[in-house]
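>>> everything below, folded, please.
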Amino acid sequence: MAHSILTATHVSSHNCEFQMLVPACIDVEETKRQIHYLLDKPYNNGSVSLDAEPEDIIISHIQPGLCPQLTQQTRQGLYSWPSTPAERTAQQDCEGDRNITASRNCLVSGETNQAAWDSAELQGCPTVVANFSNLEQIKVTNETAEDVLHMVEDMLKEHHSLDEDDLLTVLNLIETVLNVTTVTPGLAEVIVNLMSDILVSNSDLQPFTNNILNITEKVGDRMSGFSEDSVSFVAPALALSVVKVDTEHVHNLTFGVKSAQNCPFPEIYINQEPFDGTVAFISLPVALLTSFAQNNLTLPRVQFQFYGVPALFKSP
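Below is the predicted model of the structure:
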């Protein structure tokens, strides 16, 4: 059983919130009374003095519940963590060596006071996804989609270039992710960063220009879950903005990209006049904006894409 305890004092004091695990608790109110009694005593170790007024000590009984069942795809294999009580540890055999144990702690979140998974302890497990060809054996699901992207991102850090087969494998995998899961802004950001990593690699991109353009377009078209009028993602070699267009109130739409000084990331701006440092700028004519079909449920969208690698568009 866990309790969330808040102690507060007056001027020149500090607030402190912490959790206490009570292994056996038959009477909740009695346990709270005992904790309050202990905290109400002044404490002084010679260098630190603690003294809280009784009314400033607030004790709440919390029930953190369970960490949910979770499937996780990693370079060390596929792991299915069972539903686990807070402050307990789930264990299972490593995929690459059944004699080694992988583990994952179910903790109590300090922010929500609810059970939450800590990072899995897989350091002792051997790597089973060692190269890009191994990715072809991975089944991407809605639950593991983002895991797979982070795994590819990690593998790209180990390779300065990809041959045609490896590059095709990676792009096909990203396409699969887009087809099996909902594209949230968080997932879109991961894909934009991943595509930027591909663009800045020493790979021969020209044969895959259409694949790269189609993936970026799908990210913007399928993204959901943002309430703002626009959302933008910026990486060193790629910028993507998606703008909702209310034709009754929007009479102009411009998109610009500025080279940021002392920063590898470009800066993007919407509906502003171009200024010093602008490397790309586009303005949509009013006639085009008024031609959008208006839907009562959703506003039409315009997406802007900026690629910082001119070689992507060179003729072979």
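>>> list the contacts of the helix ranked longest in the chain.
Secondary structure of the chain read by DSSP state H shows that its longest helix is helix 164-180. Applying CB atoms under 8 Å, 6 or more residues apart in numbering, the external contacts of helix 164-180 come out as 131-133, 135-136, 138, 140-142, 145, 148-149, 152, 156, 159, 162, 187, 191, 194-195, 198, 203-205, 207-208, 211-212, 214-215, 218-219, 222. C-beta here means a position set from N, CA and C on the backbone, and glycine is covered the same way.
>>> now do the phi/psi pair for the closest residue to Tyr307 other than its chain neighbours.
Distance criterion CB to CB, 6 or more residues apart in numbering; nearest residue to Tyr307, sequence neighbours excluded, is Leu238 at 6.0 Å. Main-chain torsions, Leu238, degrees, to the nearest 10: phi -150, psi 140.
>>> tell me the bridge partners for Leu238.
Ala235, Tyr307 (DSSP bridges).
>>> and it, what does it touch?
Leu238 makes contact with 192, 195-196, 199, 216, 305-308 under the criterion CB under 8 Å, 6+ apart.
>>> just the CA trace of the longest helix of the chain, in CSV.
Coordinates of the C-alpha atoms in helix 164-180 are reproduced here as CSV (Å, rounded to 0.1, in the frame of the first residue of the first chain):
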residue,chain,number,x,y,z
GLU,A,164,19.9,0.1,-52.0
ASP,A,165,18.5,-3.1,-50.4
ASP,A,166,18.9,-1.7,-46.9
LEU,A,167,17.4,1.7,-47.8
LEU,A,168,14.4,0.0,-49.5
THR,A,169,13.9,-2.2,-46.4
VAL,A,170,13.9,0.9,-44.1
LEU,A,171,11.5,2.9,-46.3
ASN,A,172,9.1,-0.1,-46.7
LEU,A,173,9.1,-0.5,-42.9
ILE,A,174,8.2,3.2,-42.4
GLU,A,175,5.4,2.7,-44.9
THR,A,176,4.1,-0.3,-43.0
VAL,A,177,4.1,1.8,-39.7
LEU,A,178,2.0,4.4,-41.5
ASN,A,179,-0.4,1.8,-42.6
VAL,A,180,-0.9,0.0,-39.3
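>>> that one: what's the following helix or strand?
Scanning the chain past helix 164-180 towards its C-terminal end, the next helix or strand to appear is helix 185-199 (assignment: DSSP states H and E).
>>> secondary structure class for Arg104?
Using DSSP: H, G, I helix; E, B strand; the rest coil, the structure places Arg104 in strand.
>>> quick one: it and Ala116 touch, right?
No. If you go by CB atoms under 8 Å, Arg104 and Ala116 don't touch, sitting 11.1 Å apart.
>>> more crowded one of those two?
The residue with more neighbours, out of Arg104 and Ala116, is Arg104; 22 against 18, by other CB atoms under 10 Å.
>>> the residue nearest to the more buried one when sequence neighbours are not counted: how many residues sit nearby?
Once its chain neighbours are removed from consideration, Arg104 has its nearest residue in Ala120; the separation is 4.3 Å (CB to CB, 6+ apart). Ala120 is surrounded by 19 other residues when neighbours are defined as other CB under 10 Å.
>>> same question for Thr216.
Neighbour count of Thr216, defined by other CB under 10 Å: 20.
>>> what does Thr31 give?
Neighbours of Thr31 under the rule other CB under 10 Å: 18.
>>> over to Ser103?
Other residues near Ser103 number 14, with proximity taken as other CB under 10 Å.
>>> the residue nearest to Arg104 contacts Tyr79, correct?
Yes. If you go by CB under 8 Å, Ala120 and Tyr79 touch, sitting 6.6 Å apart.
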